[in-house]
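Chemist: Fold the following, please.
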Amino acid sequence: MERREACFSIIFAFMHDLIASYLFQNKTCPLPGMGTLSILTSVAEANFTNRQISAPKPEIHFDKRETDTTGLQTYIAATTHSNTYEVTEALDHFFDDLRNEMTKQSTAKLDGVGNFFVDASGHIKFKEEELPPFFLPPVFAERVIHPKAEHHILVGDKETTNTIMAGFLDETPITKERWWIWAILLAAIGLLLLVIYFTQINGASPFGNAIKI
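Modeler: Okay, the predicted model is just below:
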């Protein structure tokens, strides 16, 4: 009898840590008489402006649907060197106290996991405990471009590769811009025509005196 009471006291005293440990290891944890907690992990987000990738953030969700408690009972029994009966009794008492605490204070805390509370409609809700930022530090990331690596690109409505496009562009003759040469040449021709015109008006010729004596 004394041994059973001692085991019960140990299990009950560490129940917060045992439930949190089981939840984070198995990504789900049954809560007898209440529902189930599950961990969902968001995807990492890239921030190329600041050259960082944020770590995937675990989110704890509460569902009122109850699930099998066998795995949790086995885990607690193995961790505390107890039997299934002692674990079941401790779990029942622990969650009875948790529900009573919510009834009296409208809120109850599960250490390391989050807080349960009762809303205006009398339904049990859950708010996860925020992890400290140093548990999820961002990772430095710099985009690396490999110019010679082949990758698919879309040109108009046709899919091709950068290698094919590079070869096509190399074969296309490049017309150099020589507009300034043509501009100077046209300006010189225009100036020459003006000189000829004005010299003819004045009776002179660009090749000598054209006035008869």
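
Chemist: how about the strands in this protein?
Modeler: 28-31, 35-41, 45-47, 52-54, 58-63, 107-110, 114-118, 124-128, 139-140, 152-155, 158-161, 204-205, 208-209 (DSSP state E).

Chemist: hey, where'd the helices end up in this protein?
Modeler: Along the chain, counting by DSSP state H, helices occupy 2-13, 15-26, 70-80, 84-105, 162-171, 179-201.

Chemist: Need the ones you listed in a markdown table (columns: mean neighbour count, distance to M34 and mean pLDDT).
Modeler: (Glycine included, C-beta is placed from N, CA and C.) Shown next, in a markdown table, are these (neighbours: other CB atoms under 10 Å; distance: least, CB to CB, whole Å; pLDDT from 0 to 100):
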| stretch | mean neighbour count | distance to M34 | mean pLDDT |
| --- | --- | --- | --- |
| helix 2-13 | 14 | 17 | 70 |
| helix 15-26 | 17 | 11 | 93 |
| helix 70-80 | 17 | 13 | 94 |
| helix 84-105 | 16 | 6 | 90 |
| helix 162-171 | 11 | 57 | 62 |
| helix 179-201 | 10 | 82 | 73 |
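
Chemist: looking at the strands of the chain, which is closest to I76?
Modeler: Checking these against I76 by CB to CB gives strand 28-31 as the closest, at 11.0 Å.

Chemist: Please name the residues that touch A188.
Modeler: With contact set as CB atoms under 8 Å, 6 or more residues apart in numbering, A188 has no partners.

Chemist: quick one on the thing from earlier: please identify the deepest-packed of the strands of the chain.
Modeler: Comparing the strands of the chain by mean neighbour count (mean count of other CB atoms under 10 Å), strand 28-31 comes out on top with a mean of 22.

Chemist: who's in contact with that strand?
Modeler: 19, 22-23, 36-39, 66-69, 71-72, 95.

Chemist: and with 7 Å instead?
Modeler: Outside strand 28-31, the residues within contact range by CB atoms under 7 Å, 6 or more residues apart in numbering are I19, Y22, L23, T36, L37, S38, E66, T67, D68, T69, L72, F95.

Chemist: between the residues you listed, which is closest to M102?
Modeler: The closest of the contacts of strand 28-31, once distances to M102 are taken by CB to CB, is F95, at 10.5 Å.

Chemist: Look up how far D157 lies from that closest one.
Modeler: 62 Å (CB to CB, to the nearest Å).
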